[in-house]
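[1] Following is a predicted model, sequence given first.
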Amino acid sequence: MNTSTLPVAVIGAGPVGMAAAAQLLARGATPVVLEAGPAVGANVRAWGHVRLFSPWKYNVDAAARALLEASGWAMPEGDDFPTGRELVERYLAPLAALPTMAPHIRVGTRVLGISRQGVDKMKNAGREQAPFQIHIATPDGEDVLFARAVIDASGAYGTPSPLGANGMPAVGERALRDDVFYGIPDVLGAERARYAGRR
């Protein structure tokens, strides 16, 4: 298989994944963005109520900005600090909707595993030349996608660290997993009832 004609797989359609896709397009490469969530920026949407600690000018990729501005998009005030929700609504969603970007994005597509075609624990010859074989789960079932390279921009929000020491769950944590909030709760909004009057 000629790997030079294959796309570059980008795992995750958050700020880093979308910037990677824009950079690939600017360089004449073909990206395929694989997003497990139902829309771009799914993990960012989960903490959309949180204001970023960096302003817009540090959160908008140059290649993405060029694509957006060619469509008439106006860059938000560079020194303003967006919330996660604003980052998605004013940047990632418009970028994903561009005709040059939209065909390369697959939402609802979870990566199950990545290997090299024809390589396993017993066979290693030719590994560097073999294309990546990406097993994916889609709403229509499982499938296999081939790529010449893979960029993992899936982030860590969907796979939080356990509460215990040494990277292991604390004793009893697994049993209480449904009672632990691993993200950044919106205590003034969606999770207000869960936290009101408690400490």
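    Perfect, I can see it now. Every value quoted in this text rests on a predicted model; they were computed, and no experiment measured them.
[2] Look up how far residue 21 lies from the residue lying farthest from the centre of the chain.
    The C-alpha centroid of the chain is most remote from residue 197, which lies 34.9 Å away (Cα atoms, centre = their mean). With distances taken as Cβ to Cβ, to the nearest Å, residue 197 is found 45 Å from residue 21. Quick note: C-beta positions are derived from backbone N, CA and C, even for glycine.
[3] got a list of contacts for the helix-or-strand element of the chain with minimal mean pLDDT?
    Using mean pLDDT, DSSP states H and E, helix 192-195 stands out as the lowest-scoring helix or strand of the chain, at a mean of 90. By Cβ atoms under 8 Å, 6 or more residues apart in numbering, the residues outside helix 192-195 that reach it are 181, 185, 186, 187.
[4] how about those in CSV, adding neighbour count and pLDDT?
    Formatted as CSV, the contacts of helix 192-195 follow (neighbours: other Cβ atoms under 10 Å; pLDDT from 0 to 100):
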residue, neighbour count, pLDDT
181, 12, 83
185, 15, 87
186, 16, 89
187, 14, 88
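[5] Just name the closest of those residues to residue 81, please.
    Taking Cβ to Cβ as the measure, residue 186 is the one of these closest to residue 81, at 17.5 Å.
[6] Ramachandran coordinates for the residue lying closest to that closest one once chain neighbours are set aside?
    Nearest residue to residue 186, sequence neighbours excluded (Cβ to Cβ, 6 or more residues apart in numbering): residue 49, at 4.4 Å. Note on residue 49: backbone dihedrals following degrees, to the nearest 10 are phi -80, psi -10.
[7] what's the burial count for residue 96?
    Per other Cβ atoms under 10 Å, the neighbour tally for residue 96 reads 21.
[8] Would you check how far apart it and residue 189 are?
    Distance from residue 96 to residue 189, by Cβ to Cβ: 25 Å.
[9] now swap in residue 88 and tell me
    Relative to residue 189, residue 88 is positioned 16 Å away (Cβ to Cβ).
[10] who has more neighbours, those two?
    Ranked by neighbour count (other Cβ under 10 Å), residue 88 and residue 189 place residue 88 first, with 23 against 9.
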